[in-house]
Every structure is written in C-alpha cells, then in structure tokens.
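K.L.:
Sequence first, predicted model second:
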Amino acid sequence: MDAAILVRALRDPGTTAALDAAGWTALLAIARAEQLIGTLAVRLDGLPVPNPVSRILADARASAEQGRVAALWEAEMARRALGDVPVVLLKGTAFVAAGLAAGRGRSIGDLDILVPRDRIDQAEAMLLAAGWEWVKPDPYDDAYYRRWMHELPPLIHRERDRMIDVHHTILPLTAKITPDAGALLADSLALENGLGILAPNDMLCHAAAHLFADGDLAGGLRNLWDIHCLIGEFGTAGLDARARHHGLDAPMRRAARLAHDLYGTEIPPDWCTANGLDSLYRRRLLARDGWGRPSRRVTRLGFYLRSHAIRMPAALLARHLWTKWRSGHTP
C-alpha cells in the first residue's frame, strides 16, 4: 500500500465507501502525514463514514478552521508591523485570504510573504522591533540564508510562537532558474485589507517552483492538490507563457501532468504527453506505507540529493554539505 489510497479519496470521495477498518486506518494515517487531513475531511463532509472516522474528520475540519483564523490574524499582525512595505501573501495564507478553493481545509504552517528586495532590510528591522526573533542562531546558517537564499533566515514571534518566512523571490539565488520577482510583485492583486496575493498564473508558477524546483517533494501531494485546485478555479489561459517568462515552463508542465494523472485535473491535451521521468516523480509523491510512514528510502534519498543539486553549483553544494555534516546534520 502507498499514498494512492489518499489520492483516490481526494479525487473521488465516493471510493471511500468500499474501505474496511484497515483501509480507513491507512487513509487517515497517510492524510495526516501528508498534511491533507483537513482537506480530506472537507472532501468527505456529508458522506456516510464509520462513527469513529466521523469524529476524527470533524476534529480535522475544526482544526483547519482554527488554523485559517490564526493564519489570517498572523497576516494582519505582519501587515501592521511592516507599515508601508508592500506585502504579498504566499501559499496557504494567500489561499484562505482570497477565499480560494485551495484553502478549504488546508493545513497552514508558517506565514510566507514576498516583499521587494530593496525593502528586505527595512522589513527585517521592523519585524524584529515588533516582537519577532531569529530561529537559527548559528552564524553559518544565518550567513547562508543572507548570501544564497531567496528569503531571510526564519523568524518566530516571541509571544505568539508563529513563524514567518520573508521572501524577496521564490527560488534560491543559486538556482539555475531565476523567476522574475519584480513581475510577481508588479502584477500582484490587492486585497481589501492592504495585503496582496500573486496573480493566478503566478500562484501556479510559484506552486510548481516550490514543488519541483526547490525541494525534495516532501509534502508534494498537498502542493499538487493546490495546483489541481488553482487550475480548476482559474484554468490555464496564459499559463504557459507566464511560466516561460519565469523560466518555469518545464516544472509547470510536469506539475500539470502529474495533477492530471493523480487528481484528474483538466489540462490542455498537448500538455498530457508524459515525460520519461514522470513515473519516478509519481513514485516519490506516493512514498508512504499503510501507517503513514515514509517508504522507498532510496527514492527519497535520491530526491533529497537532487534538491540540493538543483539549488546550487557543485562546488558550493559540496562545501555546504560538508559544513552541515560536520555540525551533525543528517538527511
């Protein structure tokens, strides 16, 4: 068994009617592990399920609603702290702030925001003055973020215990792909509260970048569900050209193909031609056992190494991994 049981339930909630006790255990365990339990609970709302499952799903919906309120409040606190610095919400907080389908039941962790690069020092000072503090005290990590990454070192509020990631672009500066951060900000959409969100096609490009160009696919099924929902809500008009502008046409098409394959997302027919590596990405995305534990260790390790290889040149990667290994870090 793998995470395909979760994919089937999200794609067609009616398939859960055939589950036995072991099947429900696997589904719920994998949904929790993939941070999709709230999304699953929303998808199954109103369908007949066993009583113990009903209680678990009700709790998940309540937790997702609490998370939504907390995320919106944290966004408001950032807006107040940052004054006239333009702030664009990213990821889950953006989805719930805009009332998008991708936000329904979504698990939301850190607050992710995008600010102009020439205002990043000002934003940092204002957040520190408003009660945020550094999560990473290690001088190497701090220097690494500031020199090579697409964001400040993560900050956490000393009273609310909530983290914020302040981005000035959406991929590391060392990555081969360099999205147009100026265009992301210039074409962002204003919300009534003074915050902003990315334009729909830029939301999709960011989701694809986060999934395939900036990591090891951890949490990939949730990110792919975001893409499924965003395409379902906004379509794909102009998406190919916008992705090409950001240098993300290959990740965007792969994301669309896999969303189509796993979740049934409607995409243009000429996007459906499978790439030879798609099956390997699919294998990684579904790498959970029936207890929600990570499986396919070799595949995961391969994607972990790939995530570093696409983030920085080989010499810098070797130095970085050597430094982290000496400090006791293990993948």
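P.N.:
Perfect, thanks for sending it.
K.L.:
Now do Asp12 against Val49, distance only.
P.N.:
Applying CB to CB, to the nearest Å, the value for Asp12 to Val49 is 15 Å. Any C-beta I mention is one placed from the backbone N, CA and C, and that applies to glycine too.
K.L.:
sorry, that was for Gly14
P.N.:
Counting by CB to CB - Gly14 and Val49 are separated by 12 Å.
K.L.:
Neighbour count: the two, which is higher?
P.N.:
Val49 (19 against 11; other CB atoms under 10 Å).
K.L.:
pretty sure Gly247 contacts Ile177?
P.N.:
Yes: judged on CB atoms under 8 Å, Gly247 makes contact with Ile177 at a distance of 4.4 Å.
K.L.:
residues in contact with the residue nearest the centre of the chain?
P.N.:
Nearest to the geometric centre of the chain sits Asn223, at 4.9 Å (CA atoms, centre = their mean). Going by CB atoms under 8 Å, 6 or more residues apart in numbering, Asn223 touches Ala207, His210, Leu211.
K.L.:
Any idea how many residues pack against the last one?
P.N.:
Right, the one you point to is Leu211. 26.
K.L.:
now it, nearest residue through space, not along the chain?
P.N.:
Asn223 (4.4 Å; CB to CB, 6 or more residues apart in numbering).
K.L.:
what's the helix or strand for the one you found?
P.N.:
Here Asn223, judged by DSSP states H and E, is contained in helix 220-234.
K.L.:
Would you mind listing the buried residues in that helix?
P.N.:
Residues of helix 220-234 classed as buried: 220-231, 234 (neighbour count, 16 or more other CB atoms under 10 Å).
K.L.:
Stretch 158-176 too?
P.N.:
For stretch 158-176, burial by neighbour count (16+ other CB under 10 Å) applies to 162-172, 174-175.
K.L.:
so how far is that stretch off the chain centroid?
P.N.:
Its chain's C-alpha centre and that of stretch 158-176 lie 12 Å apart, by CA atoms, centre = their mean, to the nearest Å.
K.L.:
Can you get me the start-to-end distance on that stretch?
P.N.:
One end of stretch 158-176 to the other measures 36 Å (CA to CA, to the nearest Å).
K.L.:
Low-confidence bits of the chain, can you list those?
P.N.:
Counting by pLDDT under 70, the low-confidence segments of the chain come to 136, 312-331.
K.L.:
longest helix anywhere in it?
P.N.:
helix 51-82 (DSSP state H).
K.L.:
now that one: how far from the chain's centre is it?
P.N.:
Relative to its chain's centre, helix 51-82 lies at 16 Å (CA atoms, centre = their mean).
K.L.:
Just the residues contacting stretch 243-250, thanks.
P.N.:
For stretch 243-250, contacts defined as CB under 8 Å, 6+ apart pick out 177-180, 183, 201-202, 204-205, 208-209, 213, 240, 251-253.
K.L.:
what about Ala3, distance to Thr15?
P.N.:
Counting by CB to CB, the gap from Ala3 to Thr15 is 14 Å.
K.L.:
Compare the two and say which is more crowded by neighbours.
P.N.:
Ala3 (25 against 14).
K.L.:
residues contacting that one?
P.N.:
Ile30, Glu34, Leu221, Leu285, Leu286, Ala287, Arg288 are the contacts of Ala3 under CB under 8 Å, 6+ apart.
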